[in-house]
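In: Predicted model and sequence below, questions to follow.
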Amino acid sequence: MSVTPADVARLAALAALEVADDQVPALAAQLDRIVSYVGQLAALGETGEPAADEPIPGAGFRADVVRHTPMAAGPADFAPQFTDGFFVVPRSKARADG
Amino acid sequence: MNPAAVAADTAERLDRAGSLNAALAWSPAALAAEARRVEALEPGGPLHAWPIAIKDNIVTTDLPTTCASKILEGYRSPFNATVIDRLRAAGGMVACKTNMDEFAMGGSTEHSAYGRVLHPLDGDRVPGGSSGGSAALVAAGVVPAALGSETGGSVRQPAAFCGIVGVKPSYGRVSRYGLVAFGSSLDCVSVFGRTVDHAARVLAAISGGDPADATAAAMPPLALDPPRADLRGLTFGLPVEYFPPDLHSGVRAGVDRAIGLVRELGGRVQEVSLPHTAYAVPTYYVLAPAEAAANLARFDGVRFGRRAGEDTDLTAMYRATRGQGFGPEVQRRILIGTYVLSAGYSDAYYGKAQAARARIRGDFSRVFASGIDALITPTTPTPAFKAGDKTADPVAMYLADVFVSAVSLAGLPALSLPVGRDSGLPIGAQLIAPAWQEARMLAIAAALEARLDPVAEVR
Amino acid sequence: MSWETVIGLEVHVQLGTASKLFCGCPTTFGSPPNQNVCPVCLGLPGALPVPNEGALRLATRAALALGCTVHRRSVFARKNYFYPDLPKGYQISQFDRPIATGGAVRCESPERGPISVPLTRLHVEEDAGKSIHDRFANATAIDLNRAGVPLAEIVTEPDLRSAGEARAYLTALKQILVYAGISECSMEQGSLRVDANISLRRPGAPLGTKTEVKNLNSFANVERAIEAEQARQQALLETGRAVEQVTLLFNVGTGAVKPMRSKEDSHDYRYFPDPDLPEVVLSDAWIAEEQAALPELPDAKRERFAAGYGLSAYDARVLAADRRTGDYFEAVVEAGADPKASANWVMGEMLGGVHTTGAGAVAAATLAALIAMVQRGEISHAAGKTILEAIAASGETPAGAAERLGLMQVRDDAALERWVEQVLAAAPKEVDRCRNGETKLIGFLVGQVMKLSRGTADPKAIGALIERKLG
């Protein structure tokens, strides 16, 4: 098996997902099935230069001009917690600078 | 019909179609407001007073945008997608927001936090996905056209399942500004129509460059070709990889009907090969989740949307918000996307998939450079399957994308055209064109449509 | 046996654009929280980034000023990590294909003399917002005004060997960036921030394990932090312990460094090309425009001042250190003043207080006229200073001010005679000592006469007269 329960824990931490302990083995099995399936890409030979991305015609830059984007609602309307003009989040217990 | 009457009629139809669970947000009042907006416009817009259903991953200020996810329950965007502004400028009215697979991840519209969408012809079956709600509403005659989105076939596949027209434009033809991103290098706002003409007119209205999207081509809106009476002078390719010996016989018969018609209309037909086709689905299922894992990182409970684990610390809040807000398929894809980009695996998976994508694109370039004007293939390997048939095995669900993924990876325009029914279930044929050749592709489809009976049995 | 310190610096400098890197929001400093935000820099669903050409121009100009190779094609990549002031859950940066690589900065090492610090790369990225931990109890406040502000990250090779060298490099780098109009480099406003990578080794040995001290916001703190970390590592190594690869924060109050993150959650950033942004393609003509827009840089100006105007190395360095001072000096010379005298006046008087720019600025031509009056002997040097102060406030001509203040040089021998007599009579002791050979006291007597004349006398003439009287 190429995806282990330990991998699931590592990936869940990287992806900031809460995964219940009792779901981990089943999830590992599903991910393993998917990873094995996409693993068939390994059979793709190394020969031949891959074609370069075709450029998107005319896609380019924006001029350095200040432009206020009107919004139908402000952060106070859509933020989970917004106080005194700030977004508010629980403090991090893990960080020394927190 | 005047806009107010259309609005009232649409409300009534939406109400009657409620059992399909295809519409997530709509109201007679919002429809009436759309009608008033249209009444204030000069008549004569190409979509004047057309009610158009909008997939719920396209942001709107007047109706909530949830992407069929709990994490965005009740979320109201402070801005409209570019395509919404363009539809309205053309005289169109937003009819409703439509149910979908959560964050467009799925091929059956079973993965919605708000319940599955029923196939309009058979409630036990799925309408396809991920744009299943939009497809079902067009198929049920509620609206003449709808917006969906494609990352890897999410409009063509449900169009085939539901017996309507589904058009995916070239990548960059339509602005993505306001389309909630899934796989950004693949995502295309795409169109369903009751007929080719409906789809074509909507596509033309929403197309064209957008300074808010750096990946939208700086091109004028799509100019449609006049209808064609025949297909003389055109050469159609049949990629052998899309016609495996074990292809569903009803699907085969449906596509054969379209091929026969091409010949009758004077088109040449020849076999071609796209040798890297087998890599398309695995390539897609590396690249799309990799991009999705990053695109969905912004759903973190900080600035918008639903937050959980409020009274804990920051990391626990993130994990609770995302763990409780995203459904299982979305979480699976985020984890896969994280895996294929993580240290030590990135070259083997993400790097390989990028190389495979280039090969797949190269296959199409070679075939089109050899004088082929369009390809004809089945859209789906089978007609609409039963709800629950593929939910247990994610890979089985992914394989339903086998004929649509490569086109998405190559950024090409393609459409699904209903060609008849097998045991009462619609069959779709896929037309694939070179990049930026939507106008000719749509004209070809219209010529075929004029001679096809979409409800006739194919065998 | 001694230790060798190996230092590499990563400098984040704000590119001086009007709008953010990927949206039209202003980059203004000091706005109320979350005012300069829009769907793009808030990372709202459906919003998309569009690159600011001005930022890419400034980055290109910076790269050219630093002698980097500018790449015709570069790629924006996503750097994935969760932090509440990072709105999208990823930072748009550049990873394996930066806009520029190579280059070097010349500076003066306090230990090694002139050195050339090689650069690894320069890339463009967006800034994060600001987390404020002391605003609410048990909660963090987030201000996203800074989120999306364009930065260039400039990375050196690990070629610096001391805290003093790090400071010399930063001073030279800042001078170039300010000169070329790339950034104001204001550390108070956070438009220049430094991360330092530090390791110790025995001379000649392979590189040791490095640590990174993050977010240093003054050159003095860079020096202090490097010294603190150097000492910490040395103490570990000399007691047979290993240095762990960690990220550290510098405490400005205590001067100590402490680990920021533990090793366990060291990040796996999963970089990949940002699919929202096409490859950045720069044409040769576009790059040539930036090359042409590049002003003369401090090194070149210094050399030209020394060679062209016959200035000392010191004078040339002082005048070339700031672009406006250098320009002003040249304008004074161009208005006809003697270069050496102009250098002295600009350095002495202008740097000392009377400003060369802004309100109360004295026009270069006016200063040139004043210098000419001194050189012609119409006013004394001391009177010149007084006149300069006066015209900076009043805007008069130098001649007008000299007349009004009665500071034109007095050539009337009778008046000089009278002042000298008066001073000699008032200082009989000094006069005696002078006669007994303490000739340096003549200077004191001249000074007294100048005082009496309110600066209008010619000191040379007074000196001669006093010597004659005492002789």
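Out: On my side now, so go ahead.
In: Let me know the next secondary structure element after the host helix or strand of C:E229.
Out: Element membership of C:E229, judged by DSSP states H and E, is helix C:219-238. As assigned by DSSP H and E, the chain's next helix or strand after helix C:219-238 is strand C:247-250.
In: so, in contact with chain A or not, that next one?
Out: Yes - contact of strand C:247-250 with chain A (Cβ under 8 Å from any Cβ of the partner chain) involves C:L249. All C-beta atoms are positioned from the backbone trio N, CA, C, and that covers glycine.
In: Tell me the helices and strands packed up against that strand.
Out: If you count contacts as 3 or more Cβ pairs under 8 Å, 6 or more residues apart in numbering or on different chains; DSSP states H and E, strand C:247-250 packs onto strand C:211-216, helix C:219-238, strand C:257-259.
In: picking that back up, could you check the helix holding C:E229 against chain A for contacts?
Out: No - using Cβ under 8 Å from any Cβ, helix C:219-238 never reaches chain A; the gap is at least 14.5 Å.
In: Name the residues of that helix that come out as buried.
Out: Using 16 or more other Cβ atoms under 10 Å in any protein chain shown as the test for burial, helix C:219-238 gives C:219, C:221-230, C:232-233, C:237.
In: what about the closest residue to chain A within chain C, how many residues close to it?
Out: Per Cβ to the nearest Cβ, C:G54 is where chain C lies closest to chain A, at 2.7 Å. For C:G54, the neighbour count with other Cβ atoms under 10 Å in any protein chain shown is 20.
In: Now it. Nearest residue, chain neighbours left out?
Out: Distance criterion Cβ to Cβ, 6 or more residues apart in numbering or on different chains; nearest residue to C:G54, sequence neighbours excluded, is A:D64 at 2.7 Å.
In: Please apply the same query to B:S19.
Out: Counting by Cβ to Cβ, 6+ apart, the residue nearest B:S19 is B:L118, at 6.9 Å.
In: Just give the number of residues close to the one you found.
Out: When counting by other Cβ under 10 Å, one arrives at 22 neighbours for B:L118.
In: What count of nearby residues applies to the closest residue to chain C within chain A?
Out: Here chain A gets closest to chain C at one residue, A:D64, 2.7 Å apart by Cβ to the nearest Cβ. For A:D64, the count of nearby residues is 22 (other Cβ under 10 Å).
In: And for C:W3?
Out: As a burial measure, C:W3 scores 17 neighbours (other Cβ under 10 Å).
In: circling back: how about the buried residues of helix C:219-238 in JSON lines, adding pLDDT?
Out: Formatted as JSON lines, these follow (pLDDT from 0 to 100):
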{"residue": "C:F219", "pLDDT": "94"}
{"residue": "C:N221", "pLDDT": "94"}
{"residue": "C:V222", "pLDDT": "96"}
{"residue": "C:E223", "pLDDT": "96"}
{"residue": "C:R224", "pLDDT": "96"}
{"residue": "C:A225", "pLDDT": "96"}
{"residue": "C:I226", "pLDDT": "97"}
{"residue": "C:E227", "pLDDT": "96"}
{"residue": "C:A228", "pLDDT": "96"}
{"residue": "C:E229", "pLDDT": "96"}
{"residue": "C:Q230", "pLDDT": "96"}
{"residue": "C:R232", "pLDDT": "95"}
{"residue": "C:Q233", "pLDDT": "96"}
{"residue": "C:L237", "pLDDT": "95"}
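In: ok, of those residues, which one's closest to C:E244?
Out: Checking the buried residues of helix C:219-238 against C:E244 by Cβ to Cβ gives C:Q233 as the nearest, at 10.1 Å.
In: So the closest one versus C:A457, what's the distance?
Out: Between C:Q233 and C:A457 the computed distance is 65 Å (Cβ to Cβ, to the nearest Å).
In: if you skip the residues just before and after it, what's nearest to B:H119?
Out: With Cβ to Cβ, 6+ apart as the criterion, B:H119 has its nearest non-adjacent residue at 4.0 Å, and that residue is B:R125.
In: do B:A81 as well
Out: Nearest one to B:A81, counting by Cβ to Cβ, 6+ apart, is B:G178 at 2.2 Å.
In: Next, give phi and psi for the one you found.
Out: phi 100, psi 0 (degrees, to the nearest 10).
In: Report the contact partners of it.
Out: Contact partners of B:G178, counting by Cβ atoms under 8 Å, 6 or more residues apart in numbering or on different chains, are B:I58, B:V59, B:S77, B:F79, B:N80, B:A81, B:T82, B:V83, B:I84, C:G46, C:A47.
In: Up against chain A, what does the stretch 151-300 of chain B have?
Out: Within the stretch 151-300 of chain B, the positions near chain A by Cβ under 8 Å from any Cβ are B:171-172, B:209, B:211, B:214-219, B:276, B:278-279, B:282-283, B:285-286, B:293, B:297, B:300.
In: Give me the subset of those that also touch chain C.
Out: When contact is defined as Cβ under 8 Å from any Cβ, these meet chain C at B:P211, B:A214, B:T215, B:A293, B:A297, B:D300.
In: Would you list the buried entries among these?
Out: The neighbour-count test (16+ other Cβ under 10 Å) marks B:A214, B:T215, B:A293, B:A297, B:D300 as buried among those.
In: OK, contacts around the first one?
Out: If you count contacts by Cβ under 8 Å, 6+ apart, B:A214 has them with A:A59, A:G60, C:L48, C:P49, C:V50, C:P51, C:D276, C:L277, C:P278.
In: Could you find the residue in the stretch 101-250 of chain C that comes nearest to chain B?
Out: C:I142 (6.8 Å).
In: Likewise for chain C?
Out: Minimum separation of chain C from chain B (Cβ to the nearest Cβ) falls at C:G89, amounting to 2.3 Å.
In: Just to check, that residue is in contact with B:A293?
Out: No - in this structure, C:G89 is not within contact of B:A293 by Cβ atoms under 8 Å, at 9.2 Å.
In: tell me which element the nearest residue to C:V346 once chain neighbours are set aside is part of?
Out: The shortest distance from C:V346 to any non-neighbouring residue, by Cβ to Cβ, 6+ apart, is to C:F329 (4.6 Å). Secondary structure assignment for C:F329, by DSSP H and E: helix C:323-334.
In: What residues sit buried inside that helix?
Out: Within helix C:323-334, the residues that count as buried by 16+ other Cβ under 10 Å are C:R323, C:T325, C:G326, C:D327, C:Y328, C:F329, C:E330, C:A331, C:V332, C:V333.
In: Pull the contacting residues for the nearest residue to the first one once chain neighbours are set aside.
Out: Think C:R323. Using Cβ to Cβ, 6+ apart and skipping residues adjacent in sequence, the residue nearest C:R323 is C:Y179, 4.9 Å away. Applying Cβ under 8 Å, 6+ apart to C:Y179 gives the contacts C:A65, C:P295, C:L297, C:P298, C:R323.
In: if you set the cut-off to 6 Å instead, what comes out?
Out: Neighbouring residues of C:Y179 by Cβ atoms under 6 Å, 6 or more residues apart in numbering or on different chains: C:L297, C:P298, C:R323.
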